[in-house]
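Visitor: Quick one, fold the following:
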Amino acid sequence: MKTISQARVQNERRILKAAIEEFEQYGFSGSRMQRIADRAKLPKANIHYYFKNKTELYTAVLNNIVSLWNKAFDRISVEDEPANALRGYIHAKLEYSQSNAAAARVFTNEIVSGAPHLKKYLKTDLRSWVTERAGVIQQWANLGKIDPINPYHLIFLIWGATQHYADYHTQVSAIMGKRKLDKCDYDEITNSLVEIILKGCGLKVR
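Guide: Down below sits the predicted model:
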(Lines give C-alpha, C1' and ligand atoms only; values in the text may rest on other atoms or scores of the structure.)
Protein backbone atom coordinates (compact mmCIF):
# COMPACT_ATOMS: atom_id res chain seq x y z
CA MET A 1 0.00 0.00 0.00
CA LYS A 2 1.35 3.42 -0.98
CA THR A 3 2.04 6.01 1.66
CA ILE A 4 0.75 9.56 1.28
CA SER A 5 4.26 10.80 0.41
CA GLN A 6 4.73 8.09 -2.24
CA ALA A 7 1.38 8.91 -3.80
CA ARG A 8 2.28 12.61 -3.80
CA VAL A 9 5.61 11.99 -5.55
CA GLN A 10 3.95 9.75 -8.14
CA ASN A 11 1.19 12.27 -8.83
CA GLU A 12 3.65 15.14 -9.14
CA ARG A 13 5.70 13.14 -11.64
CA ARG A 14 2.59 12.39 -13.69
CA ILE A 15 1.58 16.04 -13.65
CA LEU A 16 5.05 17.29 -14.60
CA LYS A 17 5.29 14.77 -17.45
CA ALA A 18 1.86 15.79 -18.74
CA ALA A 19 2.76 19.47 -18.37
CA ILE A 20 5.94 19.05 -20.39
CA GLU A 21 3.95 17.50 -23.24
CA GLU A 22 1.38 20.30 -23.08
CA PHE A 23 3.92 23.14 -22.88
CA GLU A 24 5.98 21.70 -25.71
CA GLN A 25 2.95 21.43 -27.98
CA TYR A 26 1.15 24.68 -27.12
CA GLY A 27 3.72 26.89 -25.42
CA PHE A 28 2.96 28.59 -22.12
CA SER A 29 0.20 30.90 -23.33
CA GLY A 30 -1.63 28.24 -25.32
CA SER A 31 -1.51 25.53 -22.66
CA ARG A 32 -4.56 24.66 -20.57
CA MET A 33 -4.69 23.14 -17.09
CA GLN A 34 -7.66 20.96 -18.09
CA ARG A 35 -5.68 19.37 -20.92
CA ILE A 36 -2.79 18.78 -18.54
CA ALA A 37 -5.19 17.06 -16.16
CA ASP A 38 -6.53 14.95 -19.04
CA ARG A 39 -3.01 13.97 -20.08
CA ALA A 40 -2.14 13.03 -16.51
CA LYS A 41 -5.47 11.19 -16.13
CA LEU A 42 -6.19 13.11 -12.94
CA PRO A 43 -9.04 15.43 -11.94
CA LYS A 44 -8.25 19.09 -12.58
CA ALA A 45 -8.71 19.72 -8.86
CA ASN A 46 -5.76 17.43 -8.18
CA ILE A 47 -3.55 19.53 -10.43
CA HIS A 48 -4.48 22.65 -8.47
CA TYR A 49 -3.84 20.82 -5.20
CA TYR A 50 -0.18 20.47 -6.13
CA PHE A 51 0.20 23.62 -8.24
CA LYS A 52 -1.93 26.70 -7.61
CA ASN A 53 -1.96 27.88 -11.20
CA LYS A 54 -0.38 27.41 -14.62
CA THR A 55 2.51 29.77 -13.87
CA GLU A 56 3.49 27.81 -10.76
CA LEU A 57 3.35 24.54 -12.70
CA TYR A 58 5.36 25.96 -15.60
CA THR A 59 7.99 27.30 -13.20
CA ALA A 60 8.22 23.89 -11.54
CA VAL A 61 8.80 22.27 -14.93
CA LEU A 62 11.59 24.71 -15.76
CA ASN A 63 13.22 24.38 -12.33
CA ASN A 64 13.17 20.60 -12.60
CA ILE A 65 14.85 20.74 -16.01
CA VAL A 66 17.64 23.03 -14.81
CA SER A 67 18.15 21.00 -11.63
CA LEU A 68 18.66 17.78 -13.61
CA TRP A 69 20.99 19.51 -16.07
CA ASN A 70 23.17 21.02 -13.37
CA LYS A 71 23.37 17.92 -11.19
CA ALA A 72 26.18 16.31 -13.18
CA PHE A 73 28.41 19.39 -12.80
CA ASP A 74 27.37 20.48 -9.32
CA ARG A 75 30.29 19.11 -7.36
CA ILE A 76 33.32 19.64 -9.55
CA SER A 77 36.43 20.80 -7.71
CA VAL A 78 39.98 21.81 -8.46
CA GLU A 79 41.11 18.34 -7.33
CA ASP A 80 39.06 16.61 -10.03
CA GLU A 81 40.64 15.46 -13.27
CA PRO A 82 39.31 17.92 -15.89
CA ALA A 83 38.93 15.23 -18.56
CA ASN A 84 36.77 13.06 -16.30
CA ALA A 85 34.63 15.98 -15.08
CA LEU A 86 34.02 17.38 -18.57
CA ARG A 87 33.40 13.94 -20.06
CA GLY A 88 30.83 13.20 -17.37
CA TYR A 89 29.03 16.50 -17.92
CA ILE A 90 28.89 16.07 -21.70
CA HIS A 91 27.63 12.52 -21.29
CA ALA A 92 24.92 13.57 -18.80
CA LYS A 93 23.72 16.48 -20.96
CA LEU A 94 23.46 14.28 -24.06
CA GLU A 95 21.71 11.55 -22.11
CA TYR A 96 19.16 14.16 -21.02
CA SER A 97 18.73 15.34 -24.61
CA GLN A 98 17.92 11.75 -25.57
CA SER A 99 15.63 10.78 -22.70
CA ASN A 100 14.02 14.17 -22.01
CA ALA A 101 14.06 15.89 -25.38
CA ALA A 102 10.59 17.41 -24.93
CA ALA A 103 11.59 18.99 -21.61
CA ALA A 104 14.77 20.36 -23.16
CA ARG A 105 12.73 21.98 -25.92
CA VAL A 106 10.36 23.56 -23.38
CA PHE A 107 13.40 25.20 -21.79
CA THR A 108 14.70 26.37 -25.17
CA ASN A 109 11.32 27.89 -26.05
CA GLU A 110 11.35 29.79 -22.76
CA ILE A 111 14.82 31.23 -23.48
CA VAL A 112 13.99 32.06 -27.11
CA SER A 113 10.90 33.92 -25.86
CA GLY A 114 13.09 36.16 -23.73
CA ALA A 115 12.91 34.05 -20.55
CA PRO A 116 9.85 35.84 -19.08
CA HIS A 117 9.56 33.26 -16.29
CA LEU A 118 13.28 32.62 -15.80
CA LYS A 119 14.82 36.07 -16.12
CA LYS A 120 15.37 36.52 -12.39
CA TYR A 121 16.76 32.99 -12.02
CA LEU A 122 19.17 33.49 -14.93
CA LYS A 123 20.54 36.70 -13.40
CA THR A 124 20.87 35.31 -9.89
CA ASP A 125 21.02 31.57 -9.14
CA LEU A 126 22.18 30.37 -12.56
CA ARG A 127 24.69 33.18 -12.88
CA SER A 128 26.18 32.22 -9.50
CA TRP A 129 26.22 28.54 -10.46
CA VAL A 130 28.07 29.21 -13.72
CA THR A 131 30.49 31.63 -12.06
CA GLU A 132 31.48 29.00 -9.49
CA ARG A 133 32.08 26.32 -12.15
CA ALA A 134 33.95 28.81 -14.33
CA GLY A 135 36.16 29.54 -11.32
CA VAL A 136 37.08 25.86 -11.04
CA ILE A 137 37.86 25.65 -14.75
CA GLN A 138 40.01 28.78 -14.48
CA GLN A 139 41.94 27.21 -11.61
CA TRP A 140 42.52 24.11 -13.74
CA ALA A 141 44.03 26.42 -16.36
CA ASN A 142 46.12 28.27 -13.77
CA LEU A 143 47.53 24.93 -12.57
CA GLY A 144 48.32 23.82 -16.10
CA LYS A 145 45.73 21.03 -16.04
CA ILE A 146 44.06 22.43 -19.19
CA ASP A 147 45.01 24.98 -21.81
CA PRO A 148 44.14 28.63 -21.07
CA ILE A 149 40.57 29.11 -22.29
CA ASN A 150 37.60 31.28 -21.42
CA PRO A 151 35.72 29.05 -18.95
CA TYR A 152 32.37 30.69 -19.58
CA HIS A 153 32.52 29.98 -23.29
CA LEU A 154 33.54 26.40 -22.62
CA ILE A 155 30.37 25.93 -20.54
CA PHE A 156 28.27 27.67 -23.20
CA LEU A 157 29.84 25.43 -25.86
CA ILE A 158 28.89 22.29 -23.94
CA TRP A 159 25.35 23.60 -23.47
CA GLY A 160 24.93 24.47 -27.13
CA ALA A 161 26.50 21.32 -28.53
CA THR A 162 24.50 18.94 -26.35
CA GLN A 163 21.21 20.87 -26.55
CA HIS A 164 21.40 20.79 -30.35
CA TYR A 165 20.46 17.12 -30.39
CA ALA A 166 17.23 17.81 -28.51
CA ASP A 167 16.19 21.01 -30.31
CA TYR A 168 17.15 19.86 -33.81
CA HIS A 169 16.56 16.13 -33.47
CA THR A 170 14.36 16.06 -36.58
CA GLN A 171 16.98 17.83 -38.67
CA VAL A 172 19.86 15.68 -37.42
CA SER A 173 17.90 12.45 -37.96
CA ALA A 174 16.94 13.44 -41.51
CA ILE A 175 20.49 14.38 -42.48
CA MET A 176 21.85 11.15 -40.99
CA GLY A 177 19.19 9.13 -42.85
CA LYS A 178 17.51 7.99 -39.64
CA ARG A 179 13.88 7.89 -38.57
CA LYS A 180 15.03 8.44 -35.02
CA LEU A 181 18.41 8.55 -33.30
CA ASP A 182 19.05 5.47 -31.16
CA LYS A 183 21.43 4.64 -28.31
CA CYS A 184 24.25 3.74 -30.69
CA ASP A 185 23.89 7.13 -32.38
CA TYR A 186 24.04 8.91 -29.03
CA ASP A 187 27.09 6.89 -28.00
CA GLU A 188 28.80 8.04 -31.20
CA ILE A 189 27.68 11.63 -30.66
CA THR A 190 28.98 11.55 -27.07
CA ASN A 191 32.36 10.17 -28.14
CA SER A 192 32.66 12.76 -30.89
CA LEU A 193 31.80 15.74 -28.68
CA VAL A 194 34.06 14.49 -25.88
CA GLU A 195 36.96 14.16 -28.32
CA ILE A 196 36.40 17.57 -29.93
CA ILE A 197 35.88 19.48 -26.67
CA LEU A 198 38.63 17.78 -24.66
CA LYS A 199 41.17 18.24 -27.46
CA GLY A 200 40.14 21.88 -27.63
CA CYS A 201 41.09 22.16 -23.97
CA GLY A 202 44.45 20.48 -24.55
CA LEU A 203 43.35 17.29 -22.82
CA LYS A 204 43.91 13.70 -23.78
CA VAL A 205 40.73 11.89 -24.70
CA ARG A 206 41.87 8.61 -23.15
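Visitor: confidence score at the residue most central in space within the chain?
Guide: Residue closest to the average C-alpha location in the chain (CA atoms, centre = their mean): Trp69, at 3.9 Å. With respect to pLDDT, Trp69 scores 85.
Visitor: show me where pLDDT drops low in the protein?
Guide: Low-confidence segments of the chain (pLDDT under 70): 1-4.
Visitor: Now do the helices in it.
Guide: Applying DSSP state H to the chain gives helices spanning 4-30, 33-40, 44-50, 54-71, 82-99, 101-112, 119-121, 127-142, 151-167, 169-175, 183-200.
Visitor: Could you export these as TSV, including distance to Arg206?
Guide: All C-beta spots, glycine's among them, are computed from the backbone N, C-alpha and C. Shown next, in TSV, are the helices of the chain (distance: least, CB to CB, whole Å):
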stretch	distance to Arg206
helix 4-30	36
helix 33-40	44
helix 44-50	46
helix 54-71	25
helix 82-99	9
helix 101-112	28
helix 119-121	37
helix 127-142	19
helix 151-167	19
helix 169-175	26
helix 183-200	9
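Visitor: So the residue nearest to the centre of the chain is in contact with Lys93, correct?
Guide: Yes - with contacts counted by CB atoms under 8 Å, Trp69 reaches Lys93, the gap being 6.6 Å.
Visitor: returning to that earlier point: how much space separates the residue nearest to the centre of the chain from Tyr58?
Guide: 17 Å (CB to CB, to the nearest Å).
Visitor: so who does Ala83 touch?
Guide: By CB atoms under 8 Å, 6 or more residues apart in numbering, the contact list for Ala83 reads 198, 203-205.
Visitor: and which of the residues you listed is nearest to Asp38?
Guide: Leu198 (46.1 Å; CB to CB).
Visitor: quick one: that closest one and Lys123, what's the gap?
Guide: 31 Å.
Visitor: quick one, which of the two is more surrounded?
Guide: Leu198 (19 against 11; other CB atoms under 10 Å).
Visitor: For Gly135, see how far away that one is.
Guide: From Leu198 to Gly135 the distance is 20 Å (CB to CB).
Visitor: what does Val61 give?
Guide: 30 Å.
Visitor: For those two, work out which one has more neighbours and name it.
Guide: Shown here are Val61 and Gly135; by other CB under 10 Å, Val61 has more neighbours (25 against 12).
Visitor: which residue sits closest to the more buried one in space, ignoring its chain neighbours?
Guide: What sits nearest to Val61 in space, not counting adjacent residues and going by CB to CB, 6 or more residues apart in numbering, is Ala19, at 5.3 Å.
Visitor: so how many other residues sit close to that neighbour?
Guide: Neighbourhood size, Ala19 [other CB under 10 Å]: 26.
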